[in-house]
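A.B. asks: Have a look; sequence and predicted model below, questions after that.
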Amino acid sequence: MNERTRTSLSRRNFLAASASAFAFSIVPSHVLGADAPSNKVNLAGVGVGGMGRGYLEGCSSENVIALCDVDANYAAGTFKQYPKAKIYTDYRRMLDAEPGIDGVVIGTPDHTHAVIALQAMKMGKHVYCAKPLTRTVYESHLLRETARETGVATQMSVQSDANESQRMLCEWIWGGAIGKVREVHVWSDRPIWPQGLDRPKDTPAVPKGLDWDLWLGPAPHRPYHPIYVPFKWRGWWDFGTGALGDMGCHAFAHIAKVLKLGHPTAVHASSSKLFKETAPAASIVHWDFPARGDMPAVRVNWYDGGLRPERPAGLEDNRQLGSEGLIWIGGEGAIVGGFTGGGSRLIPERRMKDFSPPPKSLARSIGHYKEWCQACKGGPAAGCSFEFGGLLTQVVLLGNIAIRRQHNLLWDGEHMRFTNDDEANELLHAPYRDGWTL
């Protein structure tokens with residue numbers, strides 16, 4: 001990691017300790033339990049014009065007391081939906097001014113997740129954050145450690161982690177339905193926004209109601225352009241994490257839990273034409289994971305931009321691979337299905353018709369958002385807490401570094417570094433703009 005990264009790590013213990021002391025100076029409502037006037041969690045939303053609005057609706061059983069967005073026009077509908085909530089433009093002012101906040105729901109672009117979540121956790125606030133957890137591997141590592149140190153309730157917005165399909169796949173594959181899995185293929189219809197671009201040269205005026213400097217946050221300064229906001233930032237490396245960052249965590253939530261994955265040992269990628277500032281139009285990424293217990297080494301393969309894996313043996317000629325999905329290749333067969341919903345089937349279909357699924361042995365989720373709300377009130381950790389979600393994010397973002405480097409990268413997960421590419425190590429994090437820090 002670069003010198004700035006090492007300096008940040010050296011400060012971490014001191015900052016976490018001082019933050020913990022401050023966290024107990026204010027008693028949030030959930031600590032009072034049954035004696036509280038209301039046993040609801042007081043929530044604040046940051047970045048509420050897009051996905052953040054849906055996240056808040058998912059937590060509608062709780063109290064929304066404050067809202068923050070740098071684009072007043074984009075967030076106007078959400079502001080209207082919660083007329084009693086106080087409105088802010090700068091999340092830092094909101095956190096300082098609203099001591100009654102118990103939890104923060106983050107729906108901002110990827111490049112601002114880390115700074116918002118870290119400050120909230122250091123103040124003792126629970127955090128729900130959009131996926132991927134962060135824009136860089138180092139940020140994700142830091143948030144994961146900070147969540148451990150502060151003990152707050154966390155959840156990353158991988159709704160697929162709570163669905164029936166994931167638990168069913170665990171039971172099928174752990175029960176030996178297709179033998180030992182040594183190969184997984186996953187594909188997505190992303191990107192559905194522009195990628196493979198050069199920076200625009202024109203400089204339109206900033207729209208009224210948008211604080212462009214705050215929108216940039218820790219990212220390097222550049223002129224406003226509608227090619228970035230409100231949704232098209234995902235393909236730009238300074239702000240987003242491309243197609244893989246957008247959907248990879250949903251897929252890896254299934255793969256990591258079914259196959260009990262930790263860190264990979266190697267990752268490599270190929271792609272369409274590379275651009276300096278944006279993710280390519282299409283890419284293929286391969287991760288190699290070592291053996292785990294009685295599970296053999298496995299390779300996970302990702303495809304985006306309209307690319308698909310090879311049709312698996314046993315898939316009938318008249319069956320199509322959908323716009324997104326998963327293929328599990330085992331020593332005794334294969335399963336084809338989705339990762340954001342159900343539909344998993346053994347192939348060929350005659351095998352599925354003869355298959356007797358094992359009994360349900362895993363507890364089912366009470367609901368993705370409800371998991372986090374209950375964790376905020378002292379319940380068990382949510383299924384995609386930062387402990388799990390942070391690792392998912394790191395694995396996915398290693399794939400983005402492989403896309404940018406285009407050769408086999410050897411990964412040392414224990415020491416958080418590539419052992420064969422110093423330039424790839426520089427991509428584990430990025431400098432922040434003056435005035436912004438972790």
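C.D. replies: Yep, it's here.

A.B. asks: How many residues are close by the closest residue to residue 311 other than its chain neighbours?
C.D. replies: Nearest residue to residue 311, sequence neighbours excluded (C-beta to C-beta, 6 or more residues apart in numbering): residue 321, at 7.0 Å. (Glycine included, C-beta is placed from N, CA and C.) A total of 16 residues lie near residue 321 under the criterion other C-beta atoms under 10 Å.

A.B. asks: cool, and residue 387?
C.D. replies: By other C-beta under 10 Å, neighbour count at residue 387 equals 14.

A.B. asks: now swap in residue 380 and tell me
C.D. replies: 12.

A.B. asks: Give me the distance between the residue nearest to it when sequence neighbours are not counted and residue 62.
C.D. replies: Excluding the flanking residues, the one nearest residue 380 by C-beta to C-beta, 6+ apart is residue 374, at 7.4 Å. According to C-beta to C-beta, to the nearest Å, residue 374 and residue 62 sit 11 Å apart.

A.B. asks: Just want to know which of these two has more residues nearby.
C.D. replies: Per other C-beta under 10 Å, whichever of residue 374 and residue 62 has more neighbours is residue 62, with 24 against 18.

A.B. asks: Quick check: phi and psi at the more buried one.
C.D. replies: phi -110, psi -180 (degrees, to the nearest 10).

A.B. asks: Where do the helices of the chain begin and end?
C.D. replies: Listed in chain order, the helices of the chain (DSSP state H) span 3-23, 51-58, 76-81, 91-97, 113-122, 137-150, 164-174, 212-216, 242-259, 349-354, 368-376, 386-405, 422-426.

A.B. asks: Now that we have these, can you turn them into a markdown table and tack on distance to residue 41 and mean pLDDT?
C.D. replies: Converted to a markdown table, the helices of the chain look like this (distance: least, C-beta to C-beta, whole Å; pLDDT from 0 to 100):
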| stretch | distance to residue 41 | mean pLDDT |
| --- | --- | --- |
| helix 3-23 | 16 | 34 |
| helix 51-58 | 12 | 98 |
| helix 76-81 | 18 | 98 |
| helix 91-97 | 16 | 98 |
| helix 113-122 | 13 | 98 |
| helix 137-150 | 16 | 98 |
| helix 164-174 | 26 | 96 |
| helix 212-216 | 26 | 98 |
| helix 242-259 | 24 | 97 |
| helix 349-354 | 43 | 96 |
| helix 368-376 | 5 | 98 |
| helix 386-405 | 17 | 98 |
| helix 422-426 | 39 | 98 |
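
A.B. asks: Can you lay out those helices as TSV showing distance to residue 229?
C.D. replies: TSV is the format used below for these (distance: least, C-beta to C-beta, whole Å):
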stretch	distance to residue 229
helix 3-23	27
helix 51-58	14
helix 76-81	15
helix 91-97	17
helix 113-122	16
helix 137-150	21
helix 164-174	33
helix 212-216	7
helix 242-259	16
helix 349-354	45
helix 368-376	26
helix 386-405	21
helix 422-426	27
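
A.B. asks: residues in contact with residue 130?
C.D. replies: 47, 51, 52, 55, 106, 107, 108, 110, 113, 156, 157 (C-beta atoms under 8 Å, 6 or more residues apart in numbering).

A.B. asks: Run through the residues that contact residue 247.
C.D. replies: 188, 190, 304, 324.

A.B. asks: give me that answer again for 10 Å
C.D. replies: By C-beta atoms under 10 Å, 6 or more residues apart in numbering, residue 247 lies in contact with 131-132, 160, 186-191, 302, 304, 324, 339-340, 396.

A.B. asks: Out of those, name the two that are farthest from one another.
C.D. replies: Spatial extent of the contacts of residue 247 (C-beta to C-beta) is set by the pair 160 and 191 at 18.9 Å.

A.B. asks: who's more crowded, the two?
C.D. replies: residue 191 (26 against 21).

A.B. asks: My understanding was that that one contacts residue 233; is that so?
C.D. replies: No. Judged on C-beta atoms under 10 Å, residue 191 makes no contact with residue 233 at a distance of 11.7 Å.

A.B. asks: tell me the contacts of the closest residue to residue 203 other than its chain neighbours?
C.D. replies: Computed as C-beta to C-beta, 6+ apart, the closest residue to residue 203 that is not its neighbour in sequence is residue 223, at 4.2 Å. For residue 223, the contacting residues are 199, 200, 201, 202, 203, 204, 205, 206, 212, by C-beta under 10 Å, 6+ apart.

A.B. asks: Return the distance of the fifth one relative to residue 434.
C.D. replies: Distance, residue 203 to residue 434, using C-beta to C-beta: 21 Å.

A.B. asks: And for residue 112?
C.D. replies: Residue 112 is 16 Å from residue 434, by C-beta to C-beta.

A.B. asks: Between these two, tell me which one has more neighbours.
C.D. replies: residue 112 (24 against 8).

A.B. asks: for the more buried one, what are its contacts?
C.D. replies: So residue 112 contacts 46-47, 70, 91, 106, 134-135, 214-219, 239, 436 (C-beta under 10 Å, 6+ apart).

A.B. asks: Who is residue 185 paired with across the strands?
C.D. replies: Beta bridges link residue 185 to residue 301, residue 327, judged by DSSP bridges.

A.B. asks: Confirm for me that it is in contact with residue 336.
C.D. replies: Yes. Counting by C-beta under 10 Å, residue 185 does reach residue 336; the two are 9.4 Å apart.
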